[in-house]
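Engineer: based on what follows, work out the 3D shape:
(chains A and B)
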2 protein chains.
Amino acid sequence: MLSQLPGLRRHQIRRSERSLWRYAAAFPLQCDSPISLGEGCTPLVPRVIGGNTVHFKCEWFNPTCSFKDRGTSVMLSLLRQQGITSVLEDSSGNGGASVSCYAAAGGMSATIMAPASTSPSKTVQMQAHGAKVELIPGSRQACADAAVAAHGRDDGTLFYASHNWQPFFLQGTKTLAYELWEDLGFHAPDNIIIPTGAGSNILGCDLGFSELLRTGEIKALPRLFCAQPLVCSPIASQILQKLQQDDGKTVPGEWNVPVKTVAEGTSIAQPVRLEECVDAVVRSGGSAVRVMEDAISAATLELARLGLYTEPTCAQAAAAYHELLATGFIKPSETTVVVLTSTGVKATPGVAHMLGVIV
Amino acid sequence: MLSQLPGLRRHQIRRSERSLWRYAAAFPLQCDSPISLGEGCTPLVPRVIGGNTVHFKCEWFNPTCSFKDRGTSVMLSLLRQQGITSVLEDSSGNGGASVSCYAAAGGMSATIMAPASTSPSKTVQMQAHGAKVELIPGSRQACADAAVAAHGRDDGTLFYASHNWQPFFLQGTKTLAYELWEDLGFHAPDNIIIPTGAGSNILGCDLGFSELLRTGEIKALPRLFCAQPLVCSPIASQILQKLQQDDGKTVPGEWNVPVKTVAEGTSIAQPVRLEECVDAVVRSGGSAVRVMEDAISAATLELARLGLYTEPTCAQAAAAYHELLATGFIKPSETTVVVLTSTGVKATPGVAHMLGVIV
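Structural biologist: This is a model prediction of the structure:
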């Protein structure tokens, strides 16, 4: 998906605004009254791993402690402006917490359909924000199907604001690109490694950087690298196939059925924008890494020992960095960003398991 | 404690720095290589409660999702510069997580003494960062006593870096004052309501704003208001006594023995800097509120319905705002800041209990 929008030049950044709304000039619609809680403006922290300095974009410095708030703030602001007051979302985790939070902040009502297996910490947060939570038996897909079927319920007022389908969500995640560009003194990095579930950060980076290329603010797109757990790697596998690269790893069983991975936030067997993600990564000159479970665990603890406490879901991108360095895809001298999407505070049982601690 | 330091003027802010180290000119020692993970630069979010706009300082936008990181970053940076490599901390929660994180980031070793009752999510995080966790049976005080006794262990190398005692910690929390001043266009607010355990944000605000008063950057100190749970309110009670105010509330039992409150982060029966906190609040022209348990719960859910998902520990400051408004201490037309120190993600069981949900 190449952006059709004109993009933004550096003088159009609203520099006094401490939120992603500083890039509002890059949005497709003007929003007179955004629903904003200080999302975005996250730190880019340089740390040494594998002997090299890597820039970690710490996306848990956000209202609900995950990157989803970028997409949600823009999506719900633009929907509310068009008269939507009641939204429906299907989510197994951070997305539902984020939509619940911003709906509350914006005076909208939210219904979240979540798989019955969803972690209580997520459903408690949704309910605290006043969202109606409907637990759906069965798989993540069953939950998505139930949401599609429920669209238009309540006399047609219930609007399906899926963070995976709604294009406005990607208008929010594209601010990651603008922000990295500003963080790096108005330069694009050489490489961005992105932990990938449905792919909204891949598509956001593609949109944002392609707009910056069009305005002439950058000279080339950064290469985008997709990191997925080997046991659930639909996007990464297709990228490798398209590039005719064979990583020599064997997938245990089928990954188009629900699979258990420690990187649970990226356990999405059928991402709705698969083709667009593959296209974006290939077009950027990037590639993909399918990460083994033990490498995800090792990377989670490696990052924690550097002071970065993250969900295993995103630590896999650091594991991918090691592999890309070893295979020569990424050079030590290049500017590489690793996107860390959420905090380890949300993943206590998983981290405890890695440490061999019983909680 | 009045600051003896010269303070900082606005032209001394290092504006390109996205962390509290932008205010490094205000620190007592120059630090050549700070341990920084993007702490500080948190958003100040205006929301309407009680019919008025209040500015919420969202301190969970920090590396370990709590305000402690301000103090820890400065404390460990300055200690490391003086050759300390091994630190000891006693903590029942966010402080220990923060010290573990920054010790890891700074290549230092950390030993955390925590009460045996400490929540597993906190001890798991400490261990992930590589800290040695020693669980101490008995009360929070027993734990502090054990830490004092252990100081100098390991052939004299183990340094007691208590975030409650160490003055460098307060040099970090004082950046809250500098940041609020910058957030508000280089003005001090009229009032700041602070959820209070050991009082490091009260003392930080006192230090920072008194320095700004001395440099002439502000004309008057903001009034500081201390919020504590009624059942554990040593600082608030003494403030009210000193001001000869009687809030008419009865303390159930003794609060100098361990008491259960939903605001567990402020459950500190014997704060080591009690007199300094009382003095700072009284000198500022402020006061204190002792908050009932049901009001803390109500405020936690009220904030969540506004999009602010916080620990009950800090939501009590919003409850205090309602009371200060009702009693006329604070006027609707004044600029009031409420400090929110940590995220609700850290308090799932407590919030679930408020919602009547079983997790």
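Engineer: and the end-to-end length of stretch A:193-204?
Structural biologist: Taking C-alpha to C-alpha, to the nearest Å, stretch A:193-204 runs 13 Å from one end to the other.
Engineer: tell me which residues in it are buried?
Structural biologist: Counting neighbours by 16 or more other C-beta atoms under 10 Å in any protein chain shown, one finds that the buried residues in stretch A:193-204 are A:Ile193, A:Ile194, A:Pro195, A:Thr196, A:Gly197, A:Ala198, A:Gly199, A:Ser200, A:Asn201, A:Ile202, A:Leu203, A:Gly204. Placement of C-beta: from N, CA and C, glycine included.
Engineer: now it: mean pLDDT?
Structural biologist: Per-residue pLDDT over stretch A:193-204 has a mean of 97.
Engineer: could you do stretch A:84-96 as well?
Structural biologist: Per-residue scores along stretch A:84-96 average to 92.
Engineer: what sits against the residue of the stretch 101-250 of chain A found nearest chain B?
Structural biologist: For the stretch 101-250 of chain A and chain B, the shortest gap (C-beta to the nearest C-beta) falls at A:Ala105, measuring 2.8 Å. A:Ala105 is in contact with A:Ile35, A:Leu37, B:Arg47, B:Leu306, B:Gly307, counting by C-beta atoms under 8 Å, 6 or more residues apart in numbering or on different chains.
Engineer: tell me if I'm right that the third one and B:Cys58 touch.
Structural biologist: This means B:Arg47. No - between B:Arg47 and B:Cys58 there is no contact under C-beta atoms under 8 Å: 10.3 Å.
Engineer: which residues do these two both contact?
Structural biologist: Shared contacts of B:Arg47 and B:Cys58, counting by C-beta under 8 Å, 6+ apart, come down to B:Leu308.
Engineer: who's more crowded, those two?
Structural biologist: B:Cys58 (25 against 17; other C-beta atoms under 10 Å in any protein chain shown).
Engineer: which residues are in contact with the more buried one?
Structural biologist: Here B:Cys58 is in contact with A:Leu37, A:Gly38, A:Pro63, B:Thr42, B:Pro43, B:Leu44, B:Val45, B:Leu308, B:Leu340 (C-beta under 8 Å, 6+ apart).
Engineer: ok, so of the residues you listed, who is nearest A:Gly71?
Structural biologist: Closest to A:Gly71 out of the contacts of B:Cys58 is A:Pro63 (12.3 Å), distances taken as C-beta to C-beta.
Engineer: ok, and the closest non-adjacent residue to the closest one?
Structural biologist: Nearest non-adjacent residue to A:Pro63, counting by C-beta to C-beta, 6 or more residues apart in numbering or on different chains: A:Leu37, 4.1 Å away.
Engineer: what about that neighbour, distance to A:Gln244?
Structural biologist: 45 Å (C-beta to C-beta, to the nearest Å).
Engineer: what of A:Gly107?
Structural biologist: Distance from A:Gly107 to A:Gln244, by C-beta to C-beta: 52 Å.
Engineer: can I get the worst-scoring helix or strand of chain A on mean pLDDT in CSV, CA atoms only?
Structural biologist: In chain A, no helix or strand scores lower on mean pLDDT, DSSP states H and E than helix A:153-156, which sits at a mean of 80. C-alpha atoms of helix A:153-156 as CSV (Å, rounded to 0.1, in the frame of the first residue of the first chain):
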residue,chain,number,x,y,z
ARG,A,153,-26.1,-4.3,16.0
ASP,A,154,-28.0,-2.0,18.4
ASP,A,155,-30.2,-0.5,15.7
GLY,A,156,-27.3,0.0,13.4
